[in-house]
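Participant: Provided below are the primary sequence and the corresponding predicted coordinates.
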Protein chains: 2
Amino acid sequence: MVSNTQIIFTKIPTTFPVAGEHMVVKKSEIDLDVEIPQGAILLKNLVLSVDPYMRTRMRDPNIPSYLPAFEINEVMPGHVVGQVFKTNNEKFAVGDIVYGLAGFAEYIVIPEPLTAYLDVHNEIGSSGLPITSYVGVLGMSGMTAYVGLLKYGKPVKGETLYVSAASGAVGQLVGQIGARLGLRVVGSAGSDEKVAYLKELGFDAAFNYKTVDIQQALGEHCPNGIDVYFENVGGKMLEAVIDHANKFARIVCCGMISQYNTQTPEPIHNLLKVIIKSLEMRGFIITNSMEMDEPFRRDVTEWVKSGDIKYREDTVKGIENVPEALIDMLRGKNFGKKAIFVADL
Amino acid sequence: MVSNTQIIFTKIPTTFPVAGEHMVVKKSEIDLDVEIPQGAILLKNLVLSVDPYMRTRMRDPNIPSYLPAFEINEVMPGHVVGQVFKTNNEKFAVGDIVYGLAGFAEYIVIPEPLTAYLDVHNEIGSSGLPITSYVGVLGMSGMTAYVGLLKYGKPVKGETLYVSAASGAVGQLVGQIGARLGLRVVGSAGSDEKVAYLKELGFDAAFNYKTVDIQQALGEHCPNGIDVYFENVGGKMLEAVIDHANKFARIVCCGMISQYNTQTPEPIHNLLKVIIKSLEMRGFIITNSMEMDEPFRRDVTEWVKSGDIKYREDTVKGIENVPEALIDMLRGKNFGKKAIFVADL
């Protein structure tokens, strides 16, 4: 028997989740010699991905959404990089490195059909890049940036791209891809330190949305208006962007983190401008764009290896830190991609 | 000199316009032998088109929009079918029938470059269809329906189409095109008489939004959810539709008439569902889709002539009735396309 710490989802939060109340760290043990069912694998997790969308799964299961609600008193599901410790499934060999949706525990048995959410990516072990990259810039976060901007943003050289939560897991890559395409790139973030980082990354302008008037800042930093908005925030930010959007602007709705921890969503009053300006607003979920997985991996791996793209991670060591890490991220206290380091290869 | 009644826009309304206050009927005279400038034409109007969008031009000129604000104390611009009475422009011959943007008066001199908004359509005189058709089902209203549904709605056989203001100038055609394409077509309107008419037109279901709970009605009449929403109304109606929209639904924003006559727009609280359901919301202005003018005229003329498409008009005789007609339409008191008959060919 070995120690096997698990993160258990225990209660549906109404506003911000609280560590120990809504998520609990459970110390348990696992017998690594245990028989696993036909089709299952026993996964040893290496890195856990802490993502804003997880909050949308902490809900009453009667409320439909694009992903099922978390089950109470079960291990919290999430994206991981892990290594196959034991296998009873021919898709996986012992030692394979996998990426995908699993559960937040040191060790976890993944039965069929849930193994379908995991893919073998042995290049993770040989690329020379940190494993954490593969839940961030080369994981779902990076692909969300790539697909959202290229497929739904339909950017044209010379246009203005505005990104909210721009120093986050998705935003920092969106801005840098935009700059590569010859867009004027403007970002906002929640601290002066993050704003300074955005300028380091090559954003043409950046502002701290907590210390300025957003309407005024958008007017100042987007003097030609906004052509593509990469939406991570929602609420008042979205309303301000609609005011500053150009004719035919594309609003790519990736997330609305400002609306996840409230029972009273901030209303939008200016949707008439969707008509007046012929705006296009498009929500998307990355799993519906898997046709772009290959070009994403090819392009972004090259850009990261060449140093053309920088990517800041905010990695915390120790699975027991998941609850605080997730809550910090929901409060904007992360600086870059939030991930949990669990074990070395 | 002959009598020349004009409709003058006199004041910017804050809520619903009032006849005599915001629009005035001015009796004047015109000398039909008058010299007209190089490039101009003298137009005799036959039919005037009364459209909801006109309300969006009754605004402070400092507020930008897709069309300029109406000028105070000038003849109110609008779409017309007219006949060229005199011409100093080689694009037009005396007797030509034209359609496009002109001004609401019995006779009006259209100088260059405004003549560019008028096109010769002599088929109007020879088609055997009533002239009023050419400001309605075969005019901008019809083209708005055709383009909005086909280009932006991207309908697929078997899907559910919901149309608000469905007995109006645009909605009745949207629904009938949808039915031709094999969609389940559901409409709403503001009276039981209009609802009965929608069923006559072949709508699969229809309801009076004033006498039912909209959320409940959408649940009942769209049991498989909504795939395409043709948005003419805005506000609470839009919010309800977002709740009932299916994954990947398209919300085609043509108009939001409920929001035109208020200083306090109805807020939308559920835009997070744009992400959750991967919705696409797209505003459009018909003048940006002129590439579809020819297929529109070909298809809809054929459908109207064959009787496959029915189209109800609400025509009022006499230019002096423009102010009341426009106000009635903004209040939903029209039944079908609102037009003003001015003169016979």
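Facilitator: Received it, and whenever you're ready, just let me know what you need.
Participant: so what's A:S306 up against?
Facilitator: A:S306 makes no contacts at all, as judged by Cβ atoms under 8 Å, 6 or more residues apart in numbering or on different chains. C-betas here are computed from N, CA, C, even on glycine.
Participant: next one: phi and psi at it?
Facilitator: Here is the backbone geometry of A:S306 (degrees, to the nearest 10): phi -80, psi -10.
Participant: could you measure from it over to B:Y260?
Facilitator: 53 Å (Cβ to Cβ, to the nearest Å).
Participant: which of the three states applies to the residue of the stretch 101-250 of chain A at minimum distance from chain B?
Facilitator: Across the stretch 101-250 of chain A, the shortest distance to chain B (Cβ to the nearest Cβ) belongs to A:G234, at 6.6 Å. Recorded secondary structure, A:G234: coil (DSSP: H, G, I helix; E, B strand; the rest coil).
Participant: also the one 4 residues further on?
Facilitator: For A:L238, the secondary-structure state derived from three-state DSSP is helix.
Participant: which residues does A:G187 bridge with?
Facilitator: Under the criterion DSSP bridges, A:G187 forms beta bridges with A:V163, A:A206.
Participant: and it, how many neighbours does it have?
Facilitator: Using other Cβ atoms under 10 Å in any protein chain shown, the number of residues around A:G187 comes to 31.
Participant: contact partners for it?
Facilitator: Contacts of A:G187 (Cβ under 8 Å, 6+ apart): A:162-164, A:166-167, A:171, A:175, A:195, A:198, A:203, A:205-207.
Participant: contacts only, for the closest residue to the residue of the stretch 101-250 of chain A closest to chain B other than its chain neighbours.
Facilitator: The shortest distance from A:G234 to any non-neighbouring residue, by Cβ to Cβ, 6 or more residues apart in numbering or on different chains, is to A:M256 (2.7 Å). Residues near A:M256 by Cβ under 8 Å, 6+ apart: A:231-235, A:238, B:271-272, B:275.
Participant: try 7 Å
Facilitator: Contacts for A:M256 were tallied using Cβ atoms under 7 Å, 6 or more residues apart in numbering or on different chains; they are A:231, A:233-235, B:272, B:275.
Participant: which of the residues you listed count as buried?
Facilitator: A:231, A:233-235, B:272, B:275 (16 or more other Cβ atoms under 10 Å in any protein chain shown).
Participant: now for these: which two are most distant?
Facilitator: Greatest spacing in the buried ones among the contacts of A:M256, by Cβ to Cβ: A:G235 and B:I275 (12.9 Å).
Participant: ok, the contacts of A:M256 vs B:L118, which is closest?
Facilitator: Taking Cβ to Cβ as the measure, B:L118 lies nearest A:E231 of the contacts of A:M256, at 41.0 Å.
Participant: the closest one is in contact with A:R250, isn't it?
Facilitator: No - with contact defined as Cβ atoms under 7 Å, A:E231 does not count as touching A:R250 (10.1 Å).
Participant: which one of the buried ones among the contacts of A:M256 sits closest to B:V2?
Facilitator: The nearest member of the buried ones among the contacts of A:M256 to B:V2, counting by Cβ to Cβ, is A:E231 at 58.0 Å.
Participant: next, the contact list for that closest one, please.
Facilitator: Per Cβ under 7 Å, 6+ apart, neighbours of A:E231: A:164, A:238, A:251-254, A:256.
Participant: what's the answer for A:L149, then?
Facilitator: Contacts of A:L149 (Cβ under 7 Å, 6+ apart): A:155, A:174, A:177-178, A:230, A:252.
Participant: you'd agree it is in a helix?
Facilitator: Yes - the assignment for A:L149 is a helix, going by three-state DSSP.
Participant: do you know how far it is from A:I214?
Facilitator: A:L149 is 21 Å from A:I214, by Cβ to Cβ.
Participant: pull out the buried residues from the host helix or strand of A:A325.
Facilitator: Using DSSP states H and E, A:A325 sits in helix A:322-330. Residues A:322-323, A:325-330 are the ones in helix A:322-330 that count as buried (16+ other Cβ under 10 Å).
Participant: how many residues are close by the residue in the stretch 1-150 of chain A that chain B sits nearest to?
Facilitator: As assessed by Cβ to the nearest Cβ, chain B sits closest to A:S65 within the stretch 1-150 of chain A, at 5.0 Å. A count of neighbours around A:S65, defined by other Cβ under 10 Å, yields 17.
Participant: spit out the contact partners of it.
Facilitator: Neighbour list for A:S65: A:56, A:59, B:276 [criterion: Cβ under 7 Å, 6+ apart].
Participant: let's see that with 10 Å instead.
Facilitator: Going by Cβ atoms under 10 Å, 6 or more residues apart in numbering or on different chains, A:S65 touches A:53, A:56-57, A:59, A:285, B:272-273, B:275-277.
Participant: which residue, other than its chain neighbours, is closest to whatever residue of the stretch 151-300 of chain A ends up closest to chain B?
Facilitator: Going by Cβ to the nearest Cβ, chain B is nearest to A:P267 of the stretch 151-300 of chain A, at 3.1 Å. Nearest residue to A:P267 in three dimensions, chain neighbours excluded: B:P267, at 3.1 Å (Cβ to Cβ, 6+ apart).
Participant: how much space separates that neighbour from B:T14?
Facilitator: For B:P267, the distance to B:T14 (Cβ to Cβ) stands at 19 Å.
Participant: who has more neighbours, those two?
Facilitator: Neighbour count, other Cβ under 10 Å: between B:P267 and B:T14, B:P267 has more, with 16 against 11.
Participant: who are the contact partners of the more buried one?
Facilitator: By Cβ under 10 Å, 6+ apart, the contact list for B:P267 reads A:239, A:265-271, B:235-236, B:239.
Participant: equivalent analysis for A:K44, please.
Facilitator: For A:K44, the contact set (Cβ under 10 Å, 6+ apart) comprises A:2, A:4, A:32, A:80, A:82-86, A:105-108, A:342-343, A:345.
Participant: which among the residues you listed gets closest to A:N224?
Facilitator: Checking these against A:N224 with Cβ to Cβ, the nearest one is A:V80 at 42.3 Å.
Participant: confirm the closest one sits in a strand?
Facilitator: Yes - under three-state DSSP, A:V80 falls within a strand.
Participant: please tell me how far it sits from A:R55.
Facilitator: Using Cβ to Cβ, A:V80 is found at 18 Å from A:R55.
Participant: these two: who's more crowded?
Facilitator: A:V80 (28 against 21).
Participant: verify the stated contact: the more buried one with A:V322.
Facilitator: No - using Cβ atoms under 10 Å, A:V80 is not in contact with A:V322; the gap is 11.3 Å.
Participant: overlap in contacts, the two.
Facilitator: Shared contacts of A:V80 and A:V322 (Cβ under 10 Å, 6+ apart): A:48, A:104-105, A:340, A:342.
Participant: mind putting those residues in JSON lines, distance to A:R297 included?
Facilitator: What follows is the shared contacts of A:V80 and A:V322, written out as JSON lines (distance: Cβ to Cβ, whole Å):
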{"residue": "A:L48", "distance to A:R297": "21"}
{"residue": "A:F104", "distance to A:R297": "24"}
{"residue": "A:A105", "distance to A:R297": "27"}
{"residue": "A:I340", "distance to A:R297": "23"}
{"residue": "A:V342", "distance to A:R297": "23"}
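Participant: rewinding a little: what touches both of A:E231 and A:R250?
Facilitator: Common neighbours of A:E231 and A:R250, using Cβ under 10 Å, 6+ apart, are A:281-282.
Participant: which parts of the stretch 101-250 of chain A sit against chain B?
Facilitator: A:152, A:231, A:234-235, A:238-239, A:247-248, A:250 (Cβ under 10 Å from any Cβ of the partner chain).
Participant: okay if I get these as CSV plus distance to A:V316 and pLDDT?
Facilitator: Shown next, in CSV, are those (distance: Cβ to Cβ, whole Å; pLDDT from 0 to 100):
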residue, distance to A:V316, pLDDT
A:Y152, 31, 98
A:E231, 27, 98
A:G234, 26, 97
A:G235, 28, 96
A:L238, 30, 98
A:E239, 34, 98
A:K247, 44, 97
A:F248, 42, 98
A:R250, 35, 98
